[in-house]
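>>> got a predicted structure here, sequence first:
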Amino acid sequence: MRAEDSPARDVADGGNQGGQRFRVGAPPPSVTRLCGAALAVAGLVVVASWATLRDLRAALQTLGQAGAIADTLLLLLGMAAIALIVPGARSLLLARRADTALAQGDVIGARVAASAARNLAWITFGYAAAQILGLLAIEFLIANDLAVSRTFFLLPLIESSFFLILRAFWINVAIFMIAEVLVLIWGLVVALARLAPGAAGRPIRLIATFYVDVFRGLPAIINIYLIGFGIPLTGLPILKGMSQEAFAVLALTLTNGAYVAEVYRAGIESIHWSQTAAARSLGLSYMQTLRYVIVPQGVRQIIPPLLNNFIGLQKDTALVNVIGTIDAFNQSIIVASNNFNLSAVTTVAALFVLITIPQARLVDSMVARDRRRMRTGAG
Amino acid sequence: MALIEIRGIHKHFGNHPVFTALDLEVEEHQVVCLIGPSGCGKSTLLRCINGLEEIDGGEIRIDGDRITGPGVDVNALRREVGIVFQSYNLFPHMTVLENVMLAPTRVLRQPHDAAAATAMGLLRRIGLEAKAREYPDRLSGGQQQRVAIVRALAMEPRVLLLDEITSALDPELVAEVLNIVRDLAAEGMTMLLATHEMGFAREVAAKICFLCDGVVHEEGPPAEIFGAPRRERTRMFLRRIIEAGRL
Ligand SMILES: Nc1ncnc2c1ncn2[C@@H]1O[C@H](COP(=O)(O)OP(=O)(O)O)[C@@H](O)[C@H]1O
Ligand SMILES: [Mg+2]
């Protein structure tokens, strides 16, 4: 389209008569300065990257890890760091093109180029920020003659203690897997008790409410301590003979059961009463209605909060060290105090993070799926 | 003796009286239509007959048995009295077939295969055999409501209560639902239905009951109620219906 035919032409000439025109036709403000700044920032970050990589090379040399392979890797990293220049330079070029187009009276062409230039400039800023954070992390690790790395990431110690820690981590896994199954059952029992109907259900409701109030407020670590040390002292038959791991499972089940009961209850109460009416009108009893109609629908909604609780429970297994169970955390503390170095604890931390990430992503995708389903209006 | 006998029932929600000494009878194999302004208690009356609401006074008898008051096995009552709601209320987590089979298998303890065969037979009758394995949200409103009727029929109730079953439907879907009710009426099913479809009420009902102010204000054969209502309130109500183009 020729600029003269464009309805935006008048606006470009500053003739904004009538005051009712669409502002979308206005000439774009120049983005040259923004894009120039983006390119400048990109340049600075590239220089900083090379400086950091030089420090890193020096650090590797003191570790005796320098060599052809390390140098090649560093060089590749350096090349990658330069990539930031590309969007910065392209944004400046586009900004120039926008200015030229505007000078020739091509408002639409100028608008398109300016918008693309602005986009690229912000992309440059975003990646530059991320790159700076990465550089800071590297500098942090190698600062003070590699103090941070040596304290937390002493590779030889991590290697030598890895299988010891991994075997001890099995205790954590066993505790949370058993506790999760028990929590699922116990939480449902408590939730149903809290929903017990009628006057006959009143005492049961009260007890269940009291239990939930107490165990939701009680810190898990205190609960583990009280049960782990207290029950053996009571000398009660059967109970006193249980292993430490069993006490840990019991304590974690009691604590998390209170949370999960509330999750179940919210799920059950979120089902519209008309579903209950439909089920009861067909002759199903109260329990049958819960079992076949209400709970199956409620459970679908509570899986994300339930998984969140499980992630918390898994992390809480590290608390069993207060009663002396040799779980991964306790084992790593032993290694750490023998070597005056925390690298084994880093291993445990990494293991915990590693097992929770897939679950966190699963929760995310389930929430996203539910939201999508809600939008399409399908049940 | 009438199959359903409602004698002087009282019912209130808080301070708000819904029924004040309401009487109503439904003979076996009879179709009775409840009409009346919104909020006059049509739904509440049907829910009382099914035991979903309790009454505060009077009594309801079905086939001579008192079904209100203490000591009544509501689950047993509901096996005999089916109800279909305005909003279908199918179970969204079950397929159409599972919806229909749930009560026969869990309440009547029919063997799975027999219940499935019965359910498929019923679905075939309403032309939804092909949808048996679909979930309710894949069905149109009219199809869902037909399934809801079949779900109630699967219990082989002696009485069917229908609460404005076409009110939530798009106009073009109303006929497919009403056709089923028409067939049931022809087969002699005892039905009590709340409806705003006056034309349909006139066609299938043996008796029309106009509910107003907590009582059956006027009742009689359709020709009489629609043709020559005796009471002023009934006339006013029908006039408004005619103005809305619903008669
Ligand atoms: N669960 C309830 N709690 C309080 N009031 C109710 C309840 N159900 C119905 N009502 C009231 O009882 C009256 C009758 O309601 P309803 O039977 O639904 O009337 P209809 O079906 O004829 O429109 C209305 O005034 C309504 O507001
Ligand atoms: Mg109603």
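Now that the structure is in, tell me what you want to look at. Ligands and ions are numbered 1, 2, ... in the order given.
>>> and chain B, which residues reach chain A?
Residues of chain B that fall close to chain A, judged by C-beta under 8 Å from any C-beta of the partner chain: B:47, B:50, B:52, B:74-76, B:78-79, B:82-83, B:85, B:87, B:89-93, B:102-103, B:106-107, B:135-137, B:151-152, B:155. In this view, the C-beta of every residue, glycine as well, is placed from N, C-alpha and C.
>>> in ChimeraX, select just the buried ones from these.
Command for ChimeraX that selects the buried part of these, burial taken from 16 or more other C-beta atoms under 10 Å in any protein chain shown:
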select /B:47,50,52,74,75,78,79,82,83,85,87,89,90,91,92,93,102,103,106,107,135,136,151,152,155
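>>> can you give me the strands in chain B?
For chain B, the strands defined by DSSP state E occupy B:4-13, B:16-26, B:31-35, B:57-62, B:65-66, B:81-84, B:159-163, B:190-194, B:207-212, B:215-220.
>>> and the longest one, what's its mean pLDDT?
If you average the pLDDT over strand B:16-26, you get 94.
>>> inside helices: which ones of the residues of chain B next to chain A?
Judged by DSSP state H, the subset of the residues of chain B next to chain A located in helices is B:R47, B:V74, B:N75, B:A76, B:R78, B:R79, B:L102, B:A103, B:R106, B:R151, B:A152.
>>> any idea how far the first one is from B:L192?
B:R47 sits 12 Å away from B:L192 when distances are taken as C-beta to C-beta, to the nearest Å.
>>> so A:N338 versus A:Q331, what's the distance?
Computed with C-beta to C-beta, the distance linking A:N338 and A:Q331 is 11 Å.
>>> same thing with A:V299?
Noted for A:V299: a distance of 37 Å to A:Q331, by C-beta to C-beta.
>>> cool, and A:G298?
According to C-beta to C-beta, A:G298 stands 40 Å off from A:Q331.
>>> more neighbours: which of those two?
Set A:G298 next to A:Q331 and count neighbours by other C-beta atoms under 10 Å in any protein chain shown: A:Q331 wins out with 24 against 21.
>>> check contacts around the more buried one.
Counting by C-beta atoms under 8 Å, 6 or more residues apart in numbering or on different chains, A:Q331 makes contact with A:L164, A:I165, A:A168, A:A344, A:V348.
>>> ok, 7 Å please
When contacts are counted by C-beta atoms under 7 Å, 6 or more residues apart in numbering or on different chains, A:Q331 touches A:L164, A:I165, A:A168.
>>> residue ranges with poor pLDDT in chain B?
B:246-247 (pLDDT under 70).
>>> quick check: closest non-adjacent residue to the residue nearest the centre of it.
Closest to where the C-alpha atoms of chain B average out (C-alpha atoms, centre = their mean) is B:L162, at 1.7 Å. Nearest-residue entry for B:L162: B:L193, 3.9 Å, with adjacent residues in sequence omitted and distances by C-beta to C-beta, 6 or more residues apart in numbering or on different chains.
>>> in chain A, which helix has the most residues?
Secondary structure of chain A read by DSSP H shows that its longest helix is helix A:107-152.
>>> other SSEs contacting that one?
With contacts taken as 3 or more C-beta pairs under 7 Å, 6 or more residues apart in numbering or on different chains; DSSP states H and E, helix A:107-152 sits against helix A:32-63, helix A:85-103.
>>> now, among the ones in helices among the residues of chain B next to chain A, which is nearest to A:M366?
If you rank those by distance to A:M366 using C-beta to C-beta, B:L102 comes first, at 26.7 Å.
>>> you'd agree the closest one is up against A:R291?
No: look at B:L102 against A:R291 with C-beta atoms under 7 Å: they stay out of range, at 10.9 Å.
>>> now whichever strand or helix holds A:A349: average pLDDT?
Using DSSP states H and E, the element containing A:A349 is helix A:343-376. Averaged across helix A:343-376, the pLDDT comes to 81.
>>> neighbours around the closest residue to B:Q144 other than its chain neighbours, how many?
Leaving aside its chain neighbours, B:Q144 sits nearest to B:Y88 (4.4 Å; criterion: C-beta to C-beta, 6+ apart). Neighbour count for B:Y88, taken as other C-beta under 10 Å: 24.
>>> break chain A down into its domains, please.
A:10-16+A:25-149, A:157-376 (automatic domain parsing).
>>> give me the distance from the longest one to the chain's centre.
Averaged C-alpha coordinates place domain A:157-376 at 19 Å from its chain's average position (C-alpha atoms, centre = their mean, to the nearest Å).
>>> is that domain positioned near ligand 1?
No: legend: contact between domain A:157-376 and ligand 1 by C-beta under 6 Å from any ligand atom is lacking; minimum distance shown is 9.4 Å.
>>> coming back round to it: what's the closest of the domains of chain A to B:G188?
domain A:157-376 (22.2 Å).
>>> pick out the residue of chain A closest to ligand 1.
Shortest chain A-to-ligand 1 distance, computed as C-beta to the nearest ligand atom: residue-wise this is A:W273, at 9.4 Å.
>>> neighbours of that residue, how many?
A:W273, neighbours per other C-beta under 10 Å, totals 10.
>>> so how far is B:S87 from it?
Relative to B:S87, A:W273 is positioned 12 Å away (C-beta to C-beta).
>>> touching the longest helix anywhere in chain B from outside, list them.
In chain B, assigned by DSSP H, the helix with the most residues is helix B:171-187. For helix B:171-187, the surrounding residues in contact (C-beta under 7 Å, 6+ apart) are B:31, B:126, B:140-142, B:145-146, B:149, B:160, B:162, B:165-166, B:169, B:191, B:197, B:200, B:204.
>>> residues of it that come out buried?
By neighbour count on 16+ other C-beta under 10 Å, the buried set for helix B:171-187 is B:L173, B:V174, B:E176, B:V177, B:L178, B:I180, B:V181, B:L184, B:A185.
>>> one more: stretch A:198-207?
Buried residues in stretch A:198-207, counted by 16+ other C-beta under 10 Å: A:G201.
>>> give me the residues contacting that stretch.
With C-beta under 7 Å, 6+ apart as the contact definition, stretch A:198-207 has outside contacts at A:A193, A:R194, A:A196.
>>> which one of the residues you listed has the most neighbours?
With neighbours taken as other C-beta under 10 Å, the top of the contacts of stretch A:198-207 is A:R194, carrying 21 neighbours.
>>> in contact with the closest residue to it other than its chain neighbours, which residues?
What sits nearest to A:R194 in space, not counting adjacent residues and going by C-beta to C-beta, 6+ apart, is A:A208, at 4.4 Å. By C-beta under 7 Å, 6+ apart, the contact set of A:A208 is A:V190, A:A193, A:R194.
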